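Asker: Any chance you can model this:
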Amino acid sequence: MLNEILAKIQRRNQISLLKRHPNVSFKEIRLGINDHFILHENLNKVTIGSDANFRNYVHILVEKNSTLEIGDHFFMNNFCSINCLEHISIGDHTLFGENVKLYDHNHLYQAQPEFKLFHSEFTKAPIRIGSNCWLGSNVTVLKGVTIGDNSIIGAGCVIYKDIPSNTTVINHQDLMLKEQS
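Answerer: Residues are numbered from 1 along each chain as shown. Reported below is the predicted structural model:
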């Protein structure tokens, strides 16, 4: 009973956060348990279409000067995250399986004269996901990728290059079976 009350309060707080931000607009939205929106005060724009459904433990980060656009009739399953530092757009009637991750950025690094990783500097490129797409469980989409309309991305794929419309992507792995002696 207490968990249900706390979950309801948390959902209300997240809806309130979305409503209060001057650059956020949304229509009908359903949130699950422990969804979390982190919205920079100077983000460019967040739009969420009608009938958007976010299941449980979803994490959405939209940073300064970035844009997140989500179309109508969008579904995001449990444990998904969107990390938007530049621009991510998702079309209408698109479905995410569990644990889908979107990253429109990578950490900046230098290789010469010696390797150095920059923790707070990034290279960025937009992500565009078309309409009527299904991203299966554990899919990761990296910066600079466009996924065309009517595409299916199979479970476990890492998408690092453009996918044409009307395409199915399958993660081809072989299982090695070894008899125990």
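Asker: When you work out contacts or count neighbours from here on, use the C-alpha atoms and nothing else.
Answerer: Noted.
Asker: Run the chain-centre distance for the strand or helix carrying Asn106.
Answerer: Assigned by DSSP states H and E, Asn106 belongs to strand 105-110. Relative to its parent chain, strand 105-110 has a centroid offset of 19 Å by CA atoms, centre = their mean, to the nearest Å.
Asker: Just the residues contacting it, thanks.
Answerer: Strand 105-110 is contacted from outside by 84-86, 115-125, 142-143, using CA atoms under 8 Å, 6 or more residues apart in numbering.
Asker: got a list of what Met1 touches?
Answerer: Met1 neighbours (CA under 8 Å, 6+ apart): none.
Asker: how close does it sit to Lys8?
Answerer: Distance of Met1 to Lys8, computed by CA to CA, to the nearest Å: 11 Å.
Asker: Between the contacts of strand 105-110, identify the one with the most neighbours.
Answerer: Neighbour counts for these, by other CA atoms under 10 Å, peak at Cys84, which reaches 28 neighbours.
Asker: so it makes contact with Asn65?
Answerer: No: the pair Cys84 / Asn65 is not scored as a contact, 9.8 Å apart, by CA atoms under 8 Å.
Asker: What is the neighbour count of Ser89?
Answerer: 18.
Asker: Could you pull up phi and psi at it?
Answerer: Main-chain dihedrals, Ser89, degrees, to the nearest 10: phi -130, psi 140.
Asker: does it have beta-bridge partners, and which?
Answerer: Per DSSP bridges, residues listed as beta-bridge partners of Ser89: Glu69, Arg128.
Asker: Hmm, it is touching Ile127, no?
Answerer: Yes: Ser89 is within contact range of Ile127, at 6.4 Å (criterion: CA under 8 Å).
Asker: hang on, Ile163 packs against Asn150?
Answerer: No: Ile163 is beyond contact range of Asn150, at 10.5 Å (criterion: CA under 8 Å).
Asker: Retrieve the pLDDT associated with whatever residue is furthest in space from the centre of the chain.
Answerer: Farthest-out residue of the chain from its mean C-alpha position, per CA atoms, centre = their mean: Ser181, at 45.1 Å. Note for Ser181: predicted pLDDT of 70.
Asker: Tell me how far it lies from Leu95.
Answerer: Taken as CA to CA, the span from Ser181 to Leu95 is 45 Å.
Asker: The residue positioned nearest the centre of the chain sits in which helix or strand?
Answerer: Nearest residue to the geometric centre of the chain (CA atoms, centre = their mean): Ile82, 2.9 Å. Per DSSP H and E: Ile82 is located in strand 81-84.
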